[in-house]
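1. got a structure for you, letters missing:
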């Protein structure tokens, strides 16, 4: 059986909450390039087939919308309505002309509950006749020569009040602030996975308390001391008990004390929970936080991959921490080095995150390369630890599914 792999990129609203995901597939024949302006009929057919045959769509997108890139020609077919209409957005790429059949196909799909997005660049005029029949207009902002040209285009497209404007290829803070000012409704790009936008945020008292708690958990101080911390912070005690009693742990009996909760969690799961709380204080609700999502997926991928290459429990134990802590600076508003120095992690964890040293460093760098679609580099790095690109891609699917299951139980 042919192996099928999936990736996704967040689409965010102006408050940086996750609105949906663009879904893309990678296999030996078609390696996804997020910057391509068009997609072939064959590629579109394979994407739809893969969703229907190999992967549970809702395991990948949770309760969000899934944006699937399609060709104009295949949209005129009659098999697309097999996908769940309430969560599916057909994203039309490579529009060179608009026919009456394309317009009627979009109208028919919308009547069935689906949404349609039109992908455009500087030559958006070619798609103008379609805009009354779409729900989103996705603009490749990298296609424009200057800000003035982009502004004029945004002003024109905003006349189609029935469609939301998506700014695509948002790569810098300037891109985000400009497109937000120009009235774009949604945003997509690698910028939102980087810490630049969050730098300079002063950590409040709650974050300071959580950092101190994380220090205690990493040092594995006695549970009696950690319990005293929770007694002094009743809000955190409530959150911890709610977490441990969630369906995610499948416990037969309710946990009613902090001491009991700590004994069930253990130090490793306690560390995960504390990091979750730190990200939750970033101003974005946990379930809609794109940085937290990426941190958990990185951590789980690190864990899955490390388990495949070693029986060293200590290395495995550190792997999840490396993945999650690689983005903790974003949540704290400091550099990664400052935060890692503050919580006093071991040198190998610090070197893996800051310099990509050691086995854990190579795995982390392969994951980061995959996130940024540097497939060749990701392949080279994962092969250096004795695994294949297929192993890395499979770990990504499993980690995404883990994340969605985890969040659905919070």
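-> Noted; the coordinates are in hand. Bear in mind that the values here come from a model prediction, so they are computed numbers and not experimental data.

2. going forward, measure contacts and count neighbours with C-alpha atoms only.
-> OK.

3. contacting residues for residue 96?
-> By Cα atoms under 8 Å, 6 or more residues apart in numbering, residue 96 lies in contact with 126-127.

4. quick one: stretch 211-231 to chain centroid distance?
-> Taking Cα atoms, centre = their mean, to the nearest Å, one finds the center of stretch 211-231 at 30 Å from the center of the full chain.

5. cool, stretch 321-328 as well?
-> How far stretch 321-328 lies from its chain's middle: 14 Å, per Cα atoms, centre = their mean.

6. go on, stretch 168-178?
-> With Cα atoms, centre = their mean as the basis, stretch 168-178 stands 17 Å off its chain's centre.

7. avg pLDDT for that stretch?
-> For stretch 168-178, mean pLDDT rounds to 90.

8. and it, which residues are buried?
-> Of all the residues in stretch 168-178, those buried under the rule 16 or more other Cα atoms under 10 Å are 168-172, 175-176, 178.

9. any chance of these in a markdown table, plus secondary structure?
-> Compiled in a markdown table, the buried residues of stretch 168-178 are given as follows (DSSP: H, G, I helix; E, B strand; the rest coil):
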| residue | secondary structure |
| --- | --- |
| 168 | strand |
| 169 | coil |
| 170 | coil |
| 171 | coil |
| 172 | coil |
| 175 | helix |
| 176 | helix |
| 178 | helix |
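
10. which of those residues lies closest to residue 236?
-> Nearest to residue 236, judged by Cα to Cα, of those is residue 176 at 33.7 Å.

11. list the contacts for that closest one?
-> Counting by Cα under 8 Å, 6+ apart, residue 176 makes contact with 170, 187.

12. can you tell me how far it is from residue 260?
-> Separation of residue 176 from residue 260 (Cα to Cα, to the nearest Å) stands at 46 Å.

13. ok, residue 153 next?
-> Using Cα to Cα, residue 153 is found at 59 Å from residue 260.

14. kindly report the same for residue 108.
-> For residue 108, the distance to residue 260 equals 56 Å [Cα to Cα].

15. residue 242 too?
-> As judged by Cα to Cα, residue 242 and residue 260 stand 13 Å apart.

16. neighbour count winner among the two?
-> residue 242 (16 against 13; other Cα atoms under 10 Å).

17. before we move on, back to that, let me have the buried residues of stretch 168-178 in TSV, extended by distance to residue 339.
-> Formatted as TSV, the buried residues of stretch 168-178 follow (distance: Cα to Cα, whole Å):
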residue	distance to residue 339
168	32
169	30
170	27
171	25
172	23
175	28
176	26
178	30
